[in-house]
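Visitor: Next input, structure requested:
(chains A and B)
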Amino acid sequence: MTSANERRVVIPPRVTIPIGPQHPALKEPGMFKLTIEGEYIVDAEVNIGYNHRGVEKLAESNSHIQNLYLLARICGICSATHNGNYAQAVEAAAEVEIPERAKFIRTLVWELDRIHSHILWLGVAFHEVGFDTAFMYTWRDREVAMDMLENISGNRVHHDMNTPGGVRRDIPDELVPKLLRGLDKLEERMIYYRDVAIHEKTFWDRVADVGILETDVAKKTGAVGPTARGSNVPVDVRFNDPTQAYYHLLDTGDFEMILNDRCDVAGRSIVRVVETIESIKMSRWLLENMPDGPIRERVRPRIQPNEVLARHEAPRGELVHYLVTNGTDKPERIKVRAPTHANWVSMAHTLRGNYLADAPIILAAIDPCYSCTDRVVIVDADDETMELVPLDVLRVKSNKWYKDHPRSER
Amino acid sequence: MQTLVNLFVEVLIQTFWILVFPGIFFITFLALLWEWVDRKVYARLQNRVGPLHTGWKGILQPLMDFFKLLGKEDLTPEKADRRGFAAVPVVMLVLSLLLCMFLPIVDMNPSAPGVQGILSFEGDLIIILFLSTLLAFVIILAGYFSSNPFGQTGAARTGMLLVSFEIPLILALITPAFLTGSLNLSTIMYRLTQMHPAYAWLLILPFIIYLIASQAELERIPFDVSHAETEIVHGWQVEFSGKKLALIHMAEDILLAFSAGMATTLFLGGPYLLEFIPVSVFSVDFASLAATTWVGWIYYPLVFMLKSAIVVVIFSNMRTLFARWRIDQIVRYGWKFMVPLALIAIMIVQVAITYVFPIMGVI
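Guide: The predicted structure is shown next:
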């Protein structure tokens, strides 16, 4: 008998598949090295930093007013977020209280921003699982939110509504009915998409029990925003640490934090969709209860030395602006901690043990925003020093490195 | 001398058949037309406009895409198996064209009853099933020849897809053969049209199974795992570019035309439409007119196209309605539902033709 007596276990060969830096599933550059056995992901490595632009360094040489517009351009989707949060930080540093109407308008623009960002995410999620029809429909209806923002601010993408001490444009009374009509339409459509997402079996099969992020892991890795709330971690700055008009919203008692205990991609999807409906209700309440009065307070351009940590619940999670002022009209230091940055930590854990086919939707489930995230800090492991590197220094360093290590030798 | 001339004319006519009218040119025309219909319907269902500018409502867009790809740079990856890599698109195109030669579009052999395809012989249904399986193997080879991780994953997925959906497809296509007791495509079609209308009920379940399985065979949503642009960047096609990609796209379009044509032939009564009207002007006079004179050369292709177009629209609708399934889900549903369903369909047919129909008095 020549046949083998012992049973052989055949393991499929391990292949390393790069997702990115350029990949159809990623709308922005980022690199994920997935080691797969057959279709199973056995290991994942997250590698970001392809989109560094040196925004923080540039911000230190700009005045506060200029920075508002610069920071709005960190991210195209959540531009109102960065813009508003920086204005909030500057006001706190200048110790100025802004008028009530300005607070309402600022909050309204934030909420509309969240609505269009979440609808955009829903479309992307549909696209990642190959449901292109729903992708086209959601993006069509996102235009309603975009048009409303255009009516308010004059711009579709970069609203730039805020200024230190208030907002730049008022919402005229004759615009309010139009906005309310838009909100009605959006609510109707969002309820429809919620039902599509839950009852369409092909979509539900692709998101249910995929990319599990357990509650304790989510807490341990510091997940924020819908990613954390989809894992039943109650973090939402709007409710935990309200600012602006969120006080008034919370006082009504009609609104509550959306949580889901599914801990998978489906949970995160439901959180986002239901949160959009909640956002629409918030916007409607804000429009209906908007107080009269001035829309801005004058703020001196020179701001006394102060140290501020401004927080805001961006569509993707908690956004932190750390601002140090030094008595001039320029910031001493501004540090942006974008929500995506906090969510990357749990990504490798979430990817492991899933199918390769699920990788795009798991990646998309945290709604990654690469351009928000990528800033360079060099940490020296030997003497534990940290150094923030601006773009030109980085360029000089890399040129030097390539001179010392020519390609042919590597 | 006269026989030589006759032979020459005969060869010329047959060359015309194969190359132009019901043959390659016509099939290619149909393929591009169906791609346009598919894209347009898909776009309209998604609230888009679809192809618009090239020709009337963008009808020439598939052709322009084909020409554009022909002019693009043709790259072969260094690690790829060069000969195999170059052969795959050509083999795919030839196989898909060959498959279409079996479709009865125009009566090629008036002496036999019914509309005959260019290639028609007893047992050609088996050849068709064999060729379509071979085509799936060519796709697997395409993935492996390109030596790309995405390509290999796509090829593996195509294999899984083949394992789970080839069997329901074959079982669905065998059902009409059971009903008619023939393995010749034209004979099956002709006998089906001559049968009692009650038999049409037996074909509904196999027809649905065929539509779903051929959607998998064509690798379209929800079964487009082997393409899956957001996961593995078009899978086995990822390394193909330029002329090779153009040929592959053309082969896919021709396969679409073939699948729609098979549905027309085996389940929708082939290129007969007016003959079904139970008035002797249509069912006798017009039928013999179309079968014997030049009228058939215009009438049969038009009816064939009409019915195929309906099938293509059904395909586009299916593509619009679903998200992409994961490969394990496809295999699970394939074996849990499709294969048992196909077997049940065959059982129903057997029971119906042996026990139920004789009792009901249907012959």
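Visitor: Assumed residue A:367 was part of a helix.
Guide: No. The assignment for residue A:367 (DSSP: H, G, I helix; E, B strand; the rest coil) gives coil, which keeps it out of a helix.
Visitor: Hmm, it is touching residue A:338, no?
Guide: No. Here residue A:367 lies out of contact with residue A:338, judged by C-beta atoms under 8 Å, at a distance of 11.3 Å. For every residue, glycine as well, the C-beta is placed using N, CA and C.
Visitor: who touches both of these two?
Guide: By C-beta atoms under 8 Å, 6 or more residues apart in numbering or on different chains, residue A:367 and residue A:338 have these common neighbours: residue A:316.
Visitor: What about residue 144, how many residues nearby?
Guide: All of this refers to chain A. 19 (other C-beta atoms under 10 Å in any protein chain shown).
Visitor: you looked at the wrong chain, it should be chain B
Guide: When neighbours are counted by other C-beta under 10 Å, residue B:144 registers 19.
Visitor: So it versus residue A:35, what's the distance?
Guide: With distances taken as C-beta to C-beta, to the nearest Å, residue B:144 is found 20 Å from residue A:35.
Visitor: if I pick the residue of the stretch 1-150 of chain B at minimum distance from chain A, what's in contact with it?
Guide: The nearest approach of the stretch 1-150 of chain B to chain A comes at residue B:46, 4.1 Å away (C-beta to the nearest C-beta). Residue B:46 makes contact with A:132, A:133, A:136, A:137, B:320, according to C-beta under 8 Å, 6+ apart.
Visitor: Those residues: which two are farthest apart?
Guide: The distance between the two most remote of those (C-beta to C-beta) is 10.5 Å, for A:137 and B:320.
Visitor: Now do the phi/psi pair for residue 297.
Guide: Defaulting to chain A. For residue A:297, the backbone dihedrals are phi -110, psi 140 (criterion: degrees, to the nearest 10).
Visitor: so who does it touch?
Guide: Residues near residue A:297 by C-beta under 8 Å, 6+ apart: A:96, A:97, A:98, A:99, A:102, A:165, A:166.
Visitor: which SSE is the fifth one in?
Guide: Secondary structure assignment for residue A:102, by DSSP states H and E: helix A:100-128.
Visitor: elements contacting that helix?
Guide: Packing contacts for helix A:100-128, counted by 3 or more C-beta pairs under 8 Å, 6 or more residues apart in numbering or on different chains; DSSP states H and E, involve helix A:79-94, helix A:132-153, strand A:166-167, helix A:176-199, helix A:246-252, helix A:265-288, helix A:359-365.
Visitor: Same list (the ones you listed) but as JSON lines, adding mean pLDDT.
Guide: JSON lines is the format used below for these (pLDDT from 0 to 100):
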{"stretch": "helix A:79-94", "mean pLDDT": "88"}
{"stretch": "helix A:132-153", "mean pLDDT": "89"}
{"stretch": "strand A:166-167", "mean pLDDT": "87"}
{"stretch": "helix A:176-199", "mean pLDDT": "89"}
{"stretch": "helix A:246-252", "mean pLDDT": "85"}
{"stretch": "helix A:265-288", "mean pLDDT": "89"}
{"stretch": "helix A:359-365", "mean pLDDT": "78"}
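Visitor: May I see the ones you listed arranged in a markdown table, with distance to residue B:184 as well?
Guide: A markdown table is the format used below for the helices and strands packed on helix A:100-128 (distance: least, C-beta to C-beta, whole Å):
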| stretch | distance to residue B:184 |
| --- | --- |
| helix A:79-94 | 67 |
| helix A:132-153 | 40 |
| strand A:166-167 | 78 |
| helix A:176-199 | 46 |
| helix A:246-252 | 74 |
| helix A:265-288 | 51 |
| helix A:359-365 | 47 |
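Visitor: Save these as CSV, and put in distance to chain B too.
Guide: Shown next, in CSV, are the helices and strands packed on helix A:100-128 (distance: least, C-beta to the nearest C-beta, whole Å):
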stretch, distance to chain B
helix A:79-94, 26
helix A:132-153, 4
strand A:166-167, 35
helix A:176-199, 10
helix A:246-252, 34
helix A:265-288, 12
helix A:359-365, 5
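Visitor: From residue B:215, how far off is the residue of the stretch 1-150 of chain B closest to chain A?
Guide: Computed with C-beta to C-beta, the distance linking residue B:46 and residue B:215 is 18 Å.
Visitor: got the angle between the helix holding residue A:102 and helix A:132-153?
Guide: 160 degrees (axes from the mean of the first three to the mean of the last three C-alpha atoms, to 10 degrees).
Visitor: what's the angle from helix A:100-128 to helix A:79-94?
Guide: Using the same axes, to 10 degrees: helix A:100-128 against helix A:79-94 is 140 degrees.
Visitor: Check the offset of helix A:100-128 from the chain's centre.
Guide: Remark: helix A:100-128 is offset 11 Å from the chain centroid, using C-alpha atoms, centre = their mean, to the nearest Å.
Visitor: Taking helix A:176-199 as reference, get the angle to it.
Guide: Put simply, helix A:100-128 runs at 30 degrees to helix A:176-199, going by the same axes, to 10 degrees.
Visitor: Next, the buried residues of helix A:100-128.
Guide: A:100-128 (16 or more other C-beta atoms under 10 Å in any protein chain shown).
Visitor: That one to helix A:265-288, inter-axis angle?
Guide: Compare the direction of helix A:100-128 with that of helix A:265-288 by the same axes, to 10 degrees and you get 150 degrees.
Visitor: neighbours around residue B:336, how many?
Guide: 11.
Visitor: Assign it to helix, strand or coil.
Guide: helix.
Visitor: And for residue A:34?
Guide: Following three-state DSSP, the label given to residue A:34 is strand.
Visitor: Kindly report the residues of the stretch 1-150 of chain B close to chain A.
Guide: Residues of the stretch 1-150 of chain B lying close to chain A (C-beta under 8 Å from any C-beta of the partner chain) are B:45, B:46, B:47, B:48, B:149, B:150.
Visitor: one more time with 10 Å, if that's ok
Guide: Neighbours of chain A within the stretch 1-150 of chain B, by C-beta under 10 Å from any C-beta of the partner chain: B:42, B:43, B:45, B:46, B:47, B:48, B:148, B:149, B:150.
Visitor: any chance of those in JSON lines, plus secondary structure, pLDDT and distance to residue B:324?
Guide: Listed next are those as JSON lines, based on DSSP: H, G, I helix; E, B strand; the rest coil; pLDDT from 0 to 100; distance: C-beta to C-beta, whole Å:
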{"residue": "B:42", "secondary structure": "helix", "pLDDT": "91", "distance to residue B:324": "15"}
{"residue": "B:43", "secondary structure": "helix", "pLDDT": "91", "distance to residue B:324": "19"}
{"residue": "B:45", "secondary structure": "helix", "pLDDT": "89", "distance to residue B:324": "17"}
{"residue": "B:46", "secondary structure": "coil", "pLDDT": "88", "distance to residue B:324": "15"}
{"residue": "B:47", "secondary structure": "coil", "pLDDT": "86", "distance to residue B:324": "20"}
{"residue": "B:48", "secondary structure": "coil", "pLDDT": "87", "distance to residue B:324": "19"}
{"residue": "B:148", "secondary structure": "coil", "pLDDT": "77", "distance to residue B:324": "21"}
{"residue": "B:149", "secondary structure": "helix", "pLDDT": "76", "distance to residue B:324": "20"}
{"residue": "B:150", "secondary structure": "helix", "pLDDT": "78", "distance to residue B:324": "16"}
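Visitor: In ChimeraX, how would I select just the buried ones from those?
Guide: Buried residues among the residues of the stretch 1-150 of chain B next to chain A (16+ other C-beta under 10 Å), as a ChimeraX selection:
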select /B:42,43,45,46,148,149,150
